[in-house]
Each structure stands twice: as structure tokens, then as C-alpha cells.
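> structure of the sequence below:
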Amino acid sequence: MNTSAHKPMRRIVIAGGGTAGWMMAALMSKLLGRQLDIKLVESEEIGTVGVGEATIPALHTFHNLLGINEPEFMAATNATFKLGIQFEGWKNIGQDYFHSFGTTGTDHWSAGFQHFWLKGRAEGIARPYTDYNPETVAAHANRFAHLPRNGLNYAYHLDAGRYAKYLRAMSEAHGVQRIEGKIAAVLQDGPDGKAGDITALQMQDGSRIDGELFIDCTGFRSLLLGETLGVGYEDWSHWLPCDRAVAVQTASVREAWPYTRSICHPFGWQWRIPLQHRVGNGLVYSSKLLSDADAPEVLKRNVEGELLIQPRVIKFLPGQRHKVWERNCIAVGLASGFIEPLESTSIHLIQRSAIRLMQLFPAGGIKPADVDEFNQQSQRELEHIRDFIVLHYHANERTDSELWRHVREMQVPATLRHRIELFRESARVFHPSDELFAPNSWIQVMMGQGIQPQGYHPVADLMGPAELTNFLGDIQLKVSRTVAGLPGHQAYVEQLCAPYRNASTAQLAATPLRA
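You can find the predicted model right below:
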């Protein structure tokens, strides 16, 4: 039975809090709060995964929609700036590269900057590719400032628990009702309440929370979409063999640097994410190569500073739900699927789900075409990100462990294989409008991982040696002068946040912080 086709969606129930739940609540209440009755159910006794502390620049869109004041947000979440990711040992042991935000050099309408750089390298007149990217140069110099015309493209490192708390305060100010408690059962409108659309959440205290539209933010369990509605899961572990993460927080022992560190290991990789007050650390690994008992000890040996919490192991299965919208239920965050946080896409995927729901909101009832569009967009987006993550693993020259030999030799998705062949043969990268990662991201990672183009676009040959020297030199000089004028990253963050520190602390203190 499908009773939602013509039923107005007024009562919205969000099952689960954390980053996913409160991001959904914040955007819905900001845009449609006067028209909706929004309830969010969460339990203080159920912890959230909460390890994702690095973001990508697309978060600015979400914050602009919410009208968030950046310094206030940064003070409230102890955030720092992020200009990219340093990949250490991913191509091979001892070989590092940087994946920056923003653009590198200057493109021609017919060909990207990489073609001119490749010609310059062939003629011995080009500097390293990274020298033409201001974000990379600034990151390595540990400098940052806001520049006119978005001169530096940046994201944030943030405290995920504080971020959820910050959004909770905003959501409640727009009318969201938070309900404390554990869900005992999910009720449906079919016979015996066990089939059809979801009608209510039965709580352990005997209360019942009715709704017309349900948002599943219950994490890996996927209580509503997976367990109740029976939507299956597509396993991607044959492409992404890491299936565990262990996370820990440590006290800062040095100034915060404006980038994420991703450090390769024989059994997986490690992240280091600097916040204002501490460092987030984690180890993503394959349980076939490292045991859950040994992983915390390995992580402890590879961090700096005093441990602020004890390490905890998180089990996961990379992949996606066959659908993320089924009947009157939409899964968001970990409930919809999971790709390891190598490129900091977890919060972005929550954001995209929230924006997509606002664009396709079923105010007058759920329509099959809207559901299909939502599912198709979600699937395309996640598969694009999957391919980008698989690229980091597949294109490697490491021989030190079974993991790296396996991912180098495995068959990759046809969509990724085409991108690699296109770049290797002609240095070309194309960017469909609905994809997250821009050409410069693909270029930096492919070259960083050792994929070298065999040729370049003939338009680059229109420049003679002298003209190409001046072209490349002018870009590099502009980048170096820009970065030389920037203040230190830590000092800039402290100055930016100082006026909001007390107000943000008071605001957060008014909202209980979940573990």
C-alpha cells in the first residue's frame, strides 16, 4: 500500500541526530520551517561516529543558505582552514604530493593549463606543477587569509560534535523539536503495522511519534530504510578493501597547519586533522592485514601529543543503498552508504542530500518521478566520488604489502578506466556539470599517483619558447607574491575568531553536547 502519493508532507520526523540529522534539520527549518512540523529523535545513550572533521569548499554553499557567520561558526567549532590534502607515500614510499583546492595556472578555452605546463616541462622551462597553484604554495608555507575575488579556495577542519551542536541551536531557534529517547519499533500502515509506508516511530518509553515523511539518519544500521523497508546494499569492497577505522583525539603540540595529512601505511592510511584546540587522528585499514586488537596500538605509535580520548574501532562496508528514497523514507549520511573519508566527502554528501530534498520537496505528496530523480542523482554523485577514491588506490607503485599490490592489479569501474586512459593518452580531463571533483582535482591526483600523459593539446605549440617562458613565469610570480603577503595561518584564525569566542562558548554551553 502506498498512501503517500497524494498526502501533503507536513510532519517531518528525523530519526537520529549527529551531523547528518542536524544538517537536515537546520536546512529544512531555515527554508520551510513555517510550513512544517519537524521533530528530531535522538538518544544521549547512542553515540555518533563523528570522526569526519575535514570538509571541502562546497560547504560554503550550505552555510550561505543558512546565513551562517563564518567567524562565529569557526569559534564555535574550533575550526581551522583547509587548502587541500597532503598525500604522503601514496604513489610510493617516500613520495608525496598535494591535492589542492582551486585552480592551477590559466586555462585556454580549448585546453587546460596542464597542456601548456606539459609542453614547458618537455622543453625544460616549467617549474613543478604545484608552483602554479596558490593554495598549494600557501599550504606549504603555513599561511592563509581571505583574498579578494575568492583568491584562495578553502574549506574547514572542524569539531564534528560541536558542529552538530551549533546546528542544533540554529534548528531549535527555527522551531525544530528535539525528542530524547530510543526507538523501539518503526510502524507501517500495512497489516499488523509491518508493511507499506512508515507511519510512526514507537519509542521505548511507550510514546509514539507520527509523521508523513521520515529521514533516516540512524548511521550504518539504517534502521528505517534498510531494516524496516528492506532496501538492499551494494558492496564496493572489491574496489575499496579497507573496512575498518580507528579514531583518537590528541592535544596539539604545534601550530595548526592549513591542510589535511593523509599518510599511507602497508595496511591502509592515516589522517591527521588540526583544529584550534586539538588534532583529529585516525587509521583506515583492511582487517585482513591488521587486527582490530592491534590497530589502536598502531595508531597510538603514529600520533603526536597526549591522547584526549581512548581509540575506538569503527566497522564499515563501503558501498551504497540500492535506493536512498523508498516510499516515504529518505536515508541520509551513513544510513545511505559509505565511502571512506579519504577526500573528506562525508559531510558534503549530507549537504547534497539536504539541498536535493529542498529542490524536490514533496509538499503535495510523493511523486514517483521525484523519487526516481532523487535516487538517480544520489547514485551518480556517489559513483563519481567512488571512482575518484578508487583512483588513489589503483594508481600506485608500492610493493610493500598485499593491499597495494591487489588494488594496483584489480579491475576498476569502466568509468574510471576511461578517465585514466583519456588522461594518459592525451592529458585531457572533462567535467560533467553534476560532478563534484573538478578537472584540476583529477589532474593533481593522477599525476601525483604517477599517471603521466603521453602527449598534450596542439594549441600549446602555438606558444614559442620565449612566450611560454613568460606565460609560465608570470603565473608563478603572481602566486609567489600573493603567498608572500599572507599572514601565518594560526595567527589569522586566532584573530578572526577572537571577537566571537565568548559568545560562541555561551551558545554551545546552552545546548548539551553529545559524545
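
> now for the lengthiest helix in the chain, which elements pack on it?
In the chain, with assignment by DSSP state H, the single longest helix is helix 368-394. Here helix 368-394 touches strand 319-321, strand 325-326, helix 346-359, helix 402-409, helix 414-426, helix 439-448, going by 3 or more CB pairs under 8 Å, 6 or more residues apart in numbering; DSSP states H and E. Every C-beta, even on glycine, is put in place using the N, C-alpha and C of the backbone.

> list the contacts of the third one.
I take that to be helix 346-359. For helix 346-359, the surrounding residues in contact (CB atoms under 8 Å, 6 or more residues apart in numbering) are 19-20, 23-24, 27-28, 31-32, 52, 55-56, 58-59, 61-62, 65, 160, 324, 330, 332-333, 336, 338-339, 374, 377-378, 381-382, 385, 436.

> please repeat the previous calculation with a cut-off of 7 Å.
19-20, 23-24, 27, 31, 52, 55-56, 58-59, 62, 330, 332-333, 374, 377, 381, 436 (CB atoms under 7 Å, 6 or more residues apart in numbering).

> repeat that for the first one.
For strand 319-321, the surrounding residues in contact (CB under 7 Å, 6+ apart) are 225-226, 231, 233-236, 331, 336-337, 379, 382.

> redo those residues as JSON lines? Include secondary structure and pLDDT.
Formatted as JSON lines, the contacts of strand 319-321 follow (DSSP: H, G, I helix; E, B strand; the rest coil; pLDDT from 0 to 100):
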{"residue": "Leu225", "secondary structure": "helix", "pLDDT": "98"}
{"residue": "Gly226", "secondary structure": "helix", "pLDDT": "97"}
{"residue": "Val231", "secondary structure": "coil", "pLDDT": "98"}
{"residue": "Tyr233", "secondary structure": "strand", "pLDDT": "98"}
{"residue": "Glu234", "secondary structure": "strand", "pLDDT": "97"}
{"residue": "Asp235", "secondary structure": "strand", "pLDDT": "97"}
{"residue": "Trp236", "secondary structure": "coil", "pLDDT": "98"}
{"residue": "Ala331", "secondary structure": "strand", "pLDDT": "98"}
{"residue": "Ser336", "secondary structure": "coil", "pLDDT": "97"}
{"residue": "Gly337", "secondary structure": "strand", "pLDDT": "96"}
{"residue": "Gln379", "secondary structure": "helix", "pLDDT": "96"}
{"residue": "Leu382", "secondary structure": "helix", "pLDDT": "96"}
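
> buried subset of these?
Among the contacts of strand 319-321, those classed as buried by 16 or more other CB atoms under 10 Å are 225-226, 231, 233, 236, 331, 336-337, 379, 382.

> taking the residues you listed, tell me the two that lie furthest apart.
Taking CB to CB as the measure, the buried ones among the contacts of strand 319-321 span a maximum distance of 17.8 Å, between Leu225 and Trp236.

> ranges for the helices of the stretch 201-350 of the chain?
295-301, 346-359 (DSSP state H, counting those that start in this stretch).

> surely Glu212 and Val13 touch.
No. With contacts defined as CB atoms under 7 Å, Glu212 does not count as touching Val13, sitting 8.5 Å away.

> what residues sit buried inside the longest helix of the chain?
370-371, 374-375, 377-379, 381-394.

> stretch 397-408 too?
398, 403-404, 407.

> least confident secondary structure element in this protein?
helix 501-509 (a mean of 59; mean pLDDT, DSSP states H and E).

> okay, now the unreliable bits of the chain?
For the chain, the stretches flagged by pLDDT under 70 are 1-6, 46-52, 193, 503-515.

> check the gap between Pro258 and Gly473 for me.
26 Å (CB to CB, to the nearest Å).

> between these two, which one's more packed in?
Pro258 (28 against 14; other CB atoms under 10 Å).

> I'd say the more buried one and Lys82 touch.
Yes. Using CB under 7 Å as the test, Pro258 is close enough to Lys82 to be in contact (6.2 Å).

> now do the contacts for the most centrally placed residue in the chain.
In the chain, the residue lying closest to the centroid (CA atoms, centre = their mean) is Thr345, at 1.7 Å. By CB under 7 Å, 6+ apart, the contact list for Thr345 reads 56, 339, 385.

> do that again at 6 Å, thanks
Ile385 (CB atoms under 6 Å, 6 or more residues apart in numbering).

> got it, and Leu299?
246, 248, 283, 311.

> what's the closest of those residues to Val429?
Leu283 (31.4 Å).

> ok, the contacts of strand 319-321 vs Ser207, which is closest?
Closest to Ser207, out of all of the contacts of strand 319-321 and judged by CB to CB, is Leu225, at 22.5 Å.

> what bridges to the residue lying closest to the closest one once chain neighbours are set aside?
Among residues not flanking Leu225 along the chain, Ala331 sits closest, at 4.0 Å (CB to CB, 6 or more residues apart in numbering). Applying DSSP bridges to Ala331 gives these bridge partners: Asp216.

> just to revisit the earlier point, now compare the contacts of strand 319-321 and name the two farthest from each other.
Leu225 and Trp236 (17.8 Å).

> on that earlier part again, of the helices and strands packed on helix 368-394, which is nearest Ala111?
The nearest among the helices and strands packed on helix 368-394, by CB to CB, is helix 414-426 at 9.9 Å.

> report the angle between the closest one and helix 439-448.
With axes from the mean of the first three to the mean of the last three CA atoms, to 10 degrees applied, the angle from helix 414-426 to helix 439-448 works out at 70 degrees.

> what comes up buried for helix 414-426?
416, 419-420, 423-424.

> by contact count, what packs against that helix?
helix 368-394 (3 or more CB pairs under 6 Å, 6 or more residues apart in numbering; DSSP states H and E).
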